[in-house]
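Undergrad: What shape does this take:
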Amino acid sequence: MRHMFVFGDSMALNRRGLFLLLRLAAQNVGRRRLRSLFLGLAAMISVGAGFSAYVIGSALREGVATTFSRMGADLVVVPSATLVNITSSLLTVQPTDQDLDAALGETLRHLPGIGKVAAQRIVRAEIEGRAVNLIAYDPATDFTVQPWLAERDRAESSNDLFVGDRVPTKPGEAATICGLTFIIAARLGKTGVGPFDESYFLSFARLADAMAASRKLYRPRGGGAPSACLPDLRPDRASAFLIQLTAGASAEQARFAIGQIPGLKIVAGNPVFTAARQALASLSWGVAIFAGLLLVALLFLVSLLFSAIVQERYREIGLLRAMGARPEQITSVILTEAGLIVGLGGLVGLAFGLSLIFAFARSLGFYFISLGVPFGWPPTSAILAAAAASAAIAVAIGVAGAFFPAWRTRHAEPYAMIQSENAQ
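TA: Okay, here's the model as predicted:
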């Protein structure tokens, strides 16, 4: 009972109020060490499991999403006379003189069932005396080219030139297109689709630069123009629009909506890949629900335990009230005690969560990589933010769980609490 008198004697010392509040809460934590330990362990498991589930779930989702993106689009929209290269993955179209207005992409994005739209333009070009395929794409909307790059190669993809797996030019070497020098930034992974593996890839902006350079180099003179390195293409055109459906949308629904636009051919990809990719959206919800249930369980545990703690301390609280302690001071002590126990448990839980992440990366992570599923871990800033949020949520749950039991003491009369039969 010594700490009760220290608390009572210090009521008038407002300058030391916060220090005494923390000191008394810490003393209360130590009074029932085993009970505090078990509550802290529950917080550790909940926070650690929730934190690791977020990080691992994000890595899995990113890796699987990249794998499904490598399988190509769900639908491809091309001019009606265009030939489409279809394999087990729907990746690209054959080079053609047929093209579409690039503004059609915005129209397609607003149709029901369509989630993403990525434009591509495929043209024949001459690079150092060799005829090759140039595939232009928009880095901001692309979901079929950049997934074949390693993670480190994607940041500069808007200005770089990439090559397919079968192109003899190596990364770091230079390639000249219409007098413009490009440095090969990286090589895409092997897709198994010939036209894709033998092509060069660049952004629409860089293709426009090459087209402008071609017009300057090969202006008509006298009786005609020499053979240009690029055909005389119209700007703001696309060879194809690759489409990814929203979760739950059917290919038939999207094809019907697109079919209302004349002059288009719609080709569907493998329906198995489409269904699998759409099911991936449920992974994030599953991880969020799992973490939420753990935190709700911790909230109920804290509330139940502190109901018993407050009931056990009725006589002590009544004596403090009789000695002049205000109801809000009693409430603050109880809430601080709960925040300390659950907060410390949450901090230890972060270390526990990191150990789970490390164990996963060294076991199942290696297995997924061996299967060709890239593992896209969240950036360090996102992991640190998740850790800080987990610790803050742990403290908030401790305070919220103890709030109702602590609030009940505000309306009880001190003499009734001292005489309570349940007091020990």
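Undergrad: ok, which stretches of the stretch 101-250 of the chain are strands?
TA: Here the stretch 101-250 of the chain has its strands, by DSSP state E, counting those that start in this stretch, at 114-127, 130-137, 161-163, 174-177, 180-187, 199-203, 237-238, 240-245.
Undergrad: can I get these in JSON lines with mean neighbour count and distance to Tyr54?
TA: Yep, even glycine has a C-beta here, placed from its N, CA and C like the rest. Converted to JSON lines, the strands of the stretch 101-250 of the chain look like this (neighbours: other CB atoms under 10 Å; distance: least, CB to CB, whole Å):
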{"stretch": "strand 114-127", "mean neighbour count": "20", "distance to Tyr54": "24"}
{"stretch": "strand 130-137", "mean neighbour count": "20", "distance to Tyr54": "31"}
{"stretch": "strand 161-163", "mean neighbour count": "24", "distance to Tyr54": "32"}
{"stretch": "strand 174-177", "mean neighbour count": "17", "distance to Tyr54": "42"}
{"stretch": "strand 180-187", "mean neighbour count": "17", "distance to Tyr54": "30"}
{"stretch": "strand 199-203", "mean neighbour count": "23", "distance to Tyr54": "33"}
{"stretch": "strand 237-238", "mean neighbour count": "20", "distance to Tyr54": "38"}
{"stretch": "strand 240-245", "mean neighbour count": "26", "distance to Tyr54": "25"}
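Undergrad: would you list the ones you listed in a markdown table and tack on mean pLDDT and distance to Ala325?
TA: A markdown table is the format used below for the strands of the stretch 101-250 of the chain (pLDDT from 0 to 100; distance: least, CB to CB, whole Å):
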| stretch | mean pLDDT | distance to Ala325 |
| --- | --- | --- |
| strand 114-127 | 86 | 60 |
| strand 130-137 | 86 | 69 |
| strand 161-163 | 88 | 71 |
| strand 174-177 | 84 | 79 |
| strand 180-187 | 86 | 68 |
| strand 199-203 | 89 | 69 |
| strand 237-238 | 89 | 74 |
| strand 240-245 | 87 | 63 |
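Undergrad: Compare the ones you listed and give me the one nearest Arg313.
TA: The minimum distance between Arg313 and the strands of the stretch 101-250 of the chain falls on strand 114-127, with 56.4 Å, by CB to CB.
Undergrad: quick one, that closest one and strand 199-203 angle?
TA: Between the axes of strand 114-127 and strand 199-203, defined by axes from the mean of the first three to the mean of the last three CA atoms, to 10 degrees, the angle is 120 degrees.
Undergrad: what helices or strands is strand 114-127 leaning on?
TA: Judged by 3 or more CB pairs under 8 Å, 6 or more residues apart in numbering; DSSP states H and E, the packing partners of strand 114-127 are strand 90-93, helix 104-109, strand 130-137, strand 174-177, strand 199-203, helix 204-217, strand 237-238, strand 240-245.
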